[in-house]
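# Fold the following.
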Amino acid sequence: MTHHSASMTSTRSASREILSPEGCSVYEAPMGPHLQPEAQFSDSDETELYSVSWNQDYGCFAAGTSRGFRIYNCDPFKETFRRDLETGGFKIIEMLFRCNILALVGTKANTQHPPNNVIIWDDYQSRCIGEFSFRSEVRGVKLRRDRVVVVLEHKIYVYDFVDLKLLHQIETLANPRGLCCLSHHLNTSVLACPGLLQGQVRVEHFGLNVTTLINAHDSKIACLTLTMDGLLLATASERGTLIRIFNTMDGSRLQEVRRGVDKADIYSIALSPDMQWLAVSSDKGTVHIFSLRVRGARKQRSTDSVAAKSPVVSNQSLLDTLDPLISQSTGANPGSSLSFMKGVLPKYFSSEWSFAQLHLPERTYFIAAFGSQNTIIVVGKNGSFYRCSFDPVNGGEMVKPEYIHFLKTDTVCR
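All right, here's what the predicted structure looks like:
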């Protein structure tokens, strides 16, 4: 099957039947043959780390290297498996929860899989089950159980996972970071990405056929994330001083917190599953945790299986899940002692500051996510893995009880 358009082509071999990813197997150990015969590397061979990325529930992360890719489990920490290939490395590794389906995008040095191609790989069957080819470099790939989303510099393509048919095309402002995020609950299908204006976020509620445009910041969007149900959105701009939380249905701003005063490059934003905390990592070598005054939808009910069969729900039912939006957290973000003069003094003096902080010894690309029992997990492109605890009552500086260098010491950061 071959699809054509003015700016892209996507291909799939007719002999490769796409299987529903809902029936995929769980990753536990390497199985079967690989993409290509495994290369034999000596310990003196240098491995470059190109990327690190979470799976959808933050229980695993993938590392793209100059040799191939590796998958790690977070709790307990262990390397689940690796693929070292003769053809070269991959710059994008997108997992689908913990199953055997991966989306792979190669580097320019990869002799078989160039950076303008997306490979949908089934590691259990040890075969490619889908391939997309584009005329420009792929900036990002996102997966959910029913969709494949490919991000190019100025356009986003949304495909059905079962037959790889093109469903939607979305024009964006220049998006070199490949910014895009998806909801992952069965009864909501939400996508957030940069809009066509600077600082704007476009939110698509596909099940409702509703598009919300949110003027989130004055500067360009640098980072964004959705809650699992897609009802709340957190954003940061290229200035990196403020993080804002929005209701994706009506675009209203629910909370604003301040990371700092100086400009910073925001690497990641994470929301805790209970919507009590927000974590932000940046090029300052810090991770800040904020207490949230908003909460998302109630926990998924057992009726999700029914909702999955009838995914279209009403606007009102989604809005009902956001009521009430204000909740009491265990701790509260500190503010200025002059915050009572809000509206008189500059906005800085009425800001909410971080509740807990982690200062890392290195300044490299780090991504952060919430673990269990008030912990933060931080993974860096220098091969560092941290698991840190924070005090949910008093906040302050986090404790670093666990550190692992998950790649060999000969690994270098790119």
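# Kindly state the beta-bridge partners for Asn93.
Heads up, residue 93 is Ile, not Asn. Leu104 (DSSP bridges).
# for it, what are its contacts?
Contacts for Ile93 (Cβ atoms under 8 Å, 6 or more residues apart in numbering) come out as Ser51, Ser53, Ala62, Ala63, Gly64, Phe69, Ile71, Leu102, Ala103, Leu104. In short, each C-beta sits where N, CA and C put it, glycine included.
# Please apply the same query to Arg244.
Arg244 touches Ala216, His217, Ala234, Thr235, Ala236, Arg253, Gln255, Glu256, counting by Cβ under 8 Å, 6+ apart.
# One more pass at 10 Å, please.
Residues counted as contacts of Arg244 (Cβ atoms under 10 Å, 6 or more residues apart in numbering) are 201, 214, 216-217, 224, 233-237, 253-257.
# filter those residues to the buried ones?
Listed as buried from these are 201, 214, 216-217, 224, 233-237, 254-255, 257; burial here means 16 or more other Cβ atoms under 10 Å.
# Closest one of the residues you listed to Thr87?
Checking these against Thr87 with Cβ to Cβ, the nearest one is Leu224 at 32.9 Å.
# Next, that closest one: phi, psi?
For Leu224, the backbone dihedrals (degrees, to the nearest 10) come out as phi -150, psi 150.
# Need the nearest residue in space to it, chain neighbours excluded.
By the measure of Cβ to Cβ, 6 or more residues apart in numbering, the closest residue to Leu224 outside its immediate chain neighbours is Thr235, 4.7 Å from it.
# residues in contact with that neighbour?
Thr235 touches 179, 192, 194, 199, 201, 214, 216-217, 221-225, 242-246, 253, 266, 269, counting by Cβ under 10 Å, 6+ apart.
# Gln255 now?
Residues near Gln255 by Cβ under 10 Å, 6+ apart: 232, 234, 243-246, 278, 290-294, 325-326, 333, 352.
# at 8 Å what do you get?
Here Gln255 is in contact with Arg244, Ile245, Leu292, Arg293, Val294, Glu352 (Cβ under 8 Å, 6+ apart).
# Is the fifth one bridged to anything, and to what?
Meaning Val294. According to DSSP bridges, the residues that bridge with Val294 are Ile326.
# Surely it and Leu232 touch.
Yes: between Val294 and Leu232 a contact is recorded at 6.5 Å, counting by Cβ atoms under 8 Å.
# what residues are shared contacts of those two?
Common contacts of Val294 and Leu232, defined by Cβ under 8 Å, 6+ apart, comprise Ile245, Leu254, Met275.
# any idea how far the last one is from Val201?
In this case it means Met275. Separation of Met275 from Val201 (Cβ to Cβ, to the nearest Å): 19 Å.
# Next: Trp277.
Look at Trp277 and Val201: by Cβ to Cβ, they are 22 Å apart.
# Export the contacts of Gln255 as TSV, with columns for pLDDT.
Below are the contacts of Gln255 laid out as TSV (pLDDT from 0 to 100):
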residue	pLDDT
Arg244	96
Ile245	96
Leu292	91
Arg293	85
Val294	77
Glu352	88
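# Who wins on neighbours among those?
Within those, most neighbours by other Cβ atoms under 10 Å means Ile245, with 26 neighbours.
# where in the chain is pLDDT low?
Where the chain drops to pLDDT under 70, the residues are 1-45, 295-350, 408-414.
# The same query, at a cut-off of 80, please.
Scanning the chain for pLDDT under 80 picks out 1-46, 86-88, 110-111, 126, 294-351, 400-401, 408-414.
# All the helices of it, in order from the start?
Assigned by DSSP state H, the chain shows helices spanning 304-309, 315-320.
# Could you identify the pair within the contacts of Ile93 that is furthest apart?
Using Cβ to Cβ, those span at most 14.9 Å, a distance reached by Ala63 and Ala103.
# tell me the contacts of the nearest residue to Leu102 once chain neighbours are set aside?
The shortest distance from Leu102 to any non-neighbouring residue, by Cβ to Cβ, 6+ apart, is to Trp121 (4.8 Å). By Cβ under 8 Å, 6+ apart, the contact set of Trp121 is Leu35, Ile101, Leu102, Ala103, Leu104, Arg127, Cys128, Ile129.
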